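> below are the sequence and a predicted model for it; my questions follow.
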Amino acid sequence: MKAYQAGTTLVELVANSLKMAEGGTIMPAVALLAAVFAVTIEQVVQWKYGTLGIIGLLLLTVGVKAKNTTCSSIGAVVLALMVTGPAL
């Protein structure tokens, strides 16, 4: 089993594990479903919380992938404020 680099996406991890399990073949349906799920989540955030919600999601995603706690924390706070905004 090879070591994974930082920044490997969930889709790549699933595809690599399926490749190892199937003896070298990738199941494209699983990768397609994961990509559709990610796009769906992005569209729901855009529809419900607007542009600021997408910015928060982008900051959170980039911060997690880059292992930058400041960026991910700002993104998480923006999303939390968007979700709890009407309650405050």
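That came in fine, so what should we check first?

> show me where pLDDT drops low in the chain?
Scanning the chain for pLDDT under 70 picks out the ranges 1-27, 86-88.

> can you do 50?
1, 4 (pLDDT under 50).

> which positions in the lengthiest helix in the chain come out as buried?
Of all the segments of type helix in the chain, defined by DSSP state H, the longest one is helix 28-66. Within helix 28-66, the residues scored as buried using 16 or more other Cβ atoms under 10 Å are 34, 45, 49, 53, 55-57, 59-60, 63. Where you see a C-beta, it was placed from the backbone N, CA and C, and this is true even at glycine.

> got a list of contacts for whichever helix or strand comes after it?
Going down the chain from helix 28-66, the next helix or strand is helix 69-84, by DSSP states H and E. Here helix 69-84 makes contact (Cβ atoms under 8 Å, 6 or more residues apart in numbering) with 45, 49, 52-53, 55-64.

> how about stretch 35-53?
Against stretch 35-53 from outside (Cβ under 8 Å, 6+ apart): 11, 54, 56-57, 78-79, 82-83.

> quick one, the longest helix of the chain and helix 69-84 angle?
Angle between the axes of helix 28-66 and helix 69-84 is 110 degrees (criterion: axes from the mean of the first three to the mean of the last three Cα atoms, to 10 degrees).

> tabulate the contacts of stretch 35-53 in a markdown table, adding columns for distance to S72.
Shown next, in a markdown table, are the contacts of stretch 35-53 (distance: Cβ to Cβ, whole Å):
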| residue | distance to S72 |
| --- | --- |
| V11 | 20 |
| I54 | 16 |
| G56 | 10 |
| L57 | 11 |
| V78 | 11 |
| L79 | 11 |
| M82 | 16 |
| V83 | 16 |
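
> how far away is the nearest residue to L60 once chain neighbours are set aside from T84?
Nearest non-adjacent residue to L60, counting by Cβ to Cβ, 6 or more residues apart in numbering: G75, 3.1 Å away. According to Cβ to Cβ, to the nearest Å, G75 and T84 sit 15 Å apart.

> out of these two, which sits in the busier spot?
Between G75 and T84, counted using other Cβ atoms under 10 Å, G75 has the larger neighbour count: 21 against 9.
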